[in-house]
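Got a sequence here, can you model it:
(chains A and B)
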Amino acid sequence: MLESVVSTKESKKTNVETKTQAKYWKPYQTRWNIASLLTIVLAYIVNQVVPSQEYVSNGTYRWFLVIYFVYLAAVYIAGSFIHGKVRLYSGHFAQLNASIGLLLVVQDLLTEKYAIVKQPFFVSFAQILDQMKTDHALLLASTWSSLGLWLISFIIGTVIGVALGLFMGRYRQFNYWAFPYLKVIGIIPAAAWMPLTMVIFPTSYLAEIFLIAFSVWFPVAFMTIGGVQSISENYFESAKTLGFTESQILRKIVIPGALPNIFIGIFTAMGLSFTMLVISEMIGAKVGLGWYINWAKGVGNYTQVYAAIVIMAILFSVIFSFLNKVQEYSLRWRQKTN
Amino acid sequence: MVQLAIKDVDRVLHDNNGQKINVLKDINLKVGSGEFISIIGPSGCGKTTLLRLISGLDTPENGQVSVDGKLITEPDVSRGYVFQHGSLFPWETIRENISSGLKAIHGHDYDHELVDQYIDLMGLKGFESAYPHQVSGGMAQRAALARSIVLKPELLLLDEPMGALDAFTRADVQDVIQKVWKQTKTTMILVTHDIDEAIYLGTQIVVMTPRPGKIKEIVDNPLDFPRNRTSDEFLNFRREIQDKLNFGVNET
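Predicted coordinates for the structure are as follows:
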């Protein structure tokens, strides 16, 4: 018996190793590591040497390049000494980092240096970073405000969607009465409600919550129904012979059994909710990243528009990764198919 | 002492064309306390349906199924049911699965030691925190068995629990079932299409025939424990049961 304990632990360890190897599959090549460092050096030199069309404060951009360079160099040096996850990681992303360095050179030349693309609609990354630095207080406040609004609306939408989906999936009577109505209502794009919500709700904040939550509940509910109905009858019958009550069946069978599908619904809804977040902030709000973009457009400062877009890219990516981790943990019982 | 009584039971299903199919017809069976009944018959003889009627997962058109004089209308923890395969909850670990019934009845203060005992007895030690997909088919079936037996049912219904296992694992799980039966003295009813298995485990063999599903004969098993699958007595009794099943009737 002790043997079996040891063997499961060992197989767990090798599992983690093969997982890392499957994730970082590109072979380690020193030349690509050096190439990526060189492209960042090149980006710095180009920014320093080639004269700009008009005055741009490049300080923040250069600091960014220095930090990027130091980070990559540190990873590479660590990877060349330690054979393990760090080495696999640095080897895998070397080519990608080289392409990013090259892209930084190209965008610098196209915009700030030679103004080949139309000005002022296309600005350099240096300008965006500088804008983010000068505007950091307002941008930070806008980001927090957007994150807060999104979070509360997304949670409300998800909870309603999951609850309706579970009941419609589990109870035929409820499904009979609710599904036809909800299907017709749910298929309406949330944006269509916008003019009405602005007058119906007492505050625009409530209207925004409604619009975002509205874009979330339907895909979640719809996927949840399918999830509940796909649960094997075996589990329900087992539960009955094991003395489960109806509420225990809901908690122990229906919810975990539908969870894989609930997550599919949540990820579909996430994209829609980001869209509705920005749109509703552009229309009704006095704060938030959507409002910031609209305001910047009004005053004709396109660098600010880009700054907000870059922040959105980061914010939404972080939310996506976080939800991905939650999903991975919640569904750890599932057999990996790859 | 008669524990389970099945009286004049019919179970009728309708196929896609509305045709009546007699899945079970005129079933009469009395099972004494502590017996091990093996129900054997070819596919389509309604043996699984009969087991489902006993559990309460299904109800008959005519007739009555009762335990200790009480009519069965719905599933109950006093009648455990082990499915052919794939009934462990995939989102719970082996330990959580085994304790799920206890937890449902007693809450979190269930008898943890009892669960440990059965994990030991079933040879599942070291795999408590594994998920069902991570263990072998034999282990999964032993865990499913533990999950039912830990509730100390009066009657344990086994629906071909070894049907999806290879020959070696099957013999291993059969021994585990026999050990549990001897230790707990639980009445067990096993449905199988494996003649050796039926004889190895059963104190009585119920032979069924299909279309309509009927009990052809109830045979007392003359073999003493411990049983040897290759002894002359075993093989002779096996031949007797085979004849009753018209097994290999077309062989020349």
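
alpha carbons only for contacts and neighbour counts from here, please
Will do.

What segments of the chain are helices?
This is for chain A. Per DSSP state H, chain A carries helices over the ranges A:2-23, A:30-49, A:59-81, A:85-108, A:125-134, A:136-170, A:172-186, A:194-200, A:204-229, A:233-241, A:246-249, A:255-284, A:289-299, A:302-330.

Actually, chain B is the one I wanted.
Counting by DSSP H, the helices of chain B are B:47-55, B:94-106, B:112-121, B:137-149, B:167-184, B:195-201, B:232-244.

mind checking which of those helices is nearest chain A?
Smallest distance to chain A across the helices of chain B (CA to the nearest CA): 4.7 Å, for helix B:94-106.

Which neighbouring elements make contact with that closest one?
Judged by 3 or more CA pairs under 8 Å, 6 or more residues apart in numbering or on different chains; DSSP states H and E, helix B:94-106 is in contact with helix B:112-121, helix B:137-149.

Just put these in CSV and tack on mean neighbour count and distance to A:Q21.
Output for the helices and strands packed on helix B:94-106, formatted as CSV (neighbours: other CA atoms under 10 Å in any protein chain shown; distance: least, CA to CA, whole Å):
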stretch, mean neighbour count, distance to A:Q21
helix B:112-121, 16, 35
helix B:137-149, 24, 29
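
With mean pLDDT and distance to B:G163 added, can I get those in JSON lines?
As requested, the helices and strands packed on helix B:94-106 are arranged in JSON lines below (pLDDT from 0 to 100; distance: least, CA to CA, whole Å):
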{"stretch": "helix B:112-121", "mean pLDDT": "92", "distance to B:G163": "21"}
{"stretch": "helix B:137-149", "mean pLDDT": "92", "distance to B:G163": "10"}
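
Next, format the ones you listed as a markdown table and append distance to A:Y55.
Below are these laid out as a markdown table (distance: least, CA to CA, whole Å):
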| stretch | distance to A:Y55 |
| --- | --- |
| helix B:112-121 | 74 |
| helix B:137-149 | 71 |
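
ok so, going back, tell me which of the helices of chain B sits nearest to A:F244.
Nearest to A:F244, of all these, is helix B:94-106, at 5.5 Å by CA to CA.

got a pLDDT number for the closest residue to chain B within the stretch 151-300 of chain A?
Per CA to the nearest CA, the residue of the stretch 151-300 of chain A with the smallest distance to chain B is A:L242, at 4.7 Å. For A:L242, the pLDDT comes out at 95.

What parts of chain B come near chain A?
Within chain B, the positions lying close to chain A (CA under 8 Å from any CA of the partner chain) are B:55, B:57, B:75-77, B:79-83, B:86-93, B:100-101, B:104-105, B:125-127, B:131, B:133-134, B:148, B:151.

What about those, which are in strands?
Secondary structure from DSSP state E places B:79-82 of these in strands.

Export those residues to JSON lines and append columns for neighbour count and pLDDT.
Listed next are these as JSON lines, based on neighbours: other CA atoms under 10 Å in any protein chain shown; pLDDT from 0 to 100:
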{"residue": "B:R79", "neighbour count": "24", "pLDDT": "93"}
{"residue": "B:G80", "neighbour count": "28", "pLDDT": "93"}
{"residue": "B:Y81", "neighbour count": "33", "pLDDT": "95"}
{"residue": "B:V82", "neighbour count": "25", "pLDDT": "94"}
